[in-house]
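Chemist: Requesting a structural model of the entry that follows:
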Amino acid sequence: MLTGEEKQFIEFWEKNREKQKKVTRKLSIGLPLGLLFAALIFINIAAGWHKRAAMVLNADPSLIPVLIIAVILIVVFIVIFSVRHRWDMNEQHYRELMSRSESKHKP
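Modeler: Prediction:
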């Protein structure tokens, strides 16, 4: 027997599973986490706690665009990975609940 919360999740996921796959939805969910990582990376660089890294960065200004591109790629990876993982976890939970509810109804 499914609990009320599990039944609500099944109803929610049946209505929203395709909507959650859309790109705009992925960006709205995963982007804050990716931007947090980017901000932490830039704060780490600006703090200058690693003297040798600060010296290399100051000596060669062409490393700044490379660093910005790397951070953008990190943000994109985190956005895609975190949202895809969350969707897979919800889908797995949905299938487990459906399997459990179908096995209860079979004679």
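Chemist: Show me where this protein dips below the pLDDT cut-off.
Modeler: Using pLDDT under 70 as the threshold, the predicted model of the chain has low-confidence ranges 23-27, 104-107.
Chemist: for the helix or strand containing Gln92, packing partners?
Modeler: Using DSSP states H and E, Gln92 maps to helix 63-105. Secondary structure elements in contact with helix 63-105, counted by 3 or more Cβ pairs under 8 Å, 6 or more residues apart in numbering; DSSP states H and E, are helix 4-16, helix 23-47, helix 51-59. Heads up, the C-betas are built off the backbone N, CA and C, glycines and all.
Chemist: Out of those helices, the one nearest Gln92 is which?
Modeler: Evaluated over those, closeness to Gln92 peaks at helix 4-16, with 10.8 Å, by Cβ to Cβ.
Chemist: Show me the contact partners of that closest one.
Modeler: Applying Cβ atoms under 8 Å, 6 or more residues apart in numbering, the contact partners of helix 4-16 are Leu2, Asn90, Glu91, His93, Tyr94, Leu97, Met98, Ser101.
Chemist: what's near enough to touch Trp87?
Modeler: Trp87 sits in contact with Gln20, Lys21, where contact means Cβ under 8 Å, 6+ apart.
Chemist: contacting residues around the residue nearest in space to the middle of the chain?
Modeler: In the chain, the C-alpha nearest the mean C-alpha coordinate belongs to Ser82, at 2.0 Å (Cα atoms, centre = their mean). For Ser82, the contacting residues are Ile29, Gly30, Leu33, Gly34, taking Cβ under 8 Å, 6+ apart as the criterion.
Chemist: distance of it from Gly30?
Modeler: As for Ser82, its distance to Gly30 is 4 Å (criterion: Cβ to Cβ, to the nearest Å).
Chemist: next one: Leu67
Modeler: Leu67 sits at a distance of 22 Å from Gly30 (criterion: Cβ to Cβ).
Chemist: Same check on Asn90?
Modeler: Summarising the geometry, the distance separating Asn90 from Gly30, computed by Cβ to Cβ, is 14 Å.
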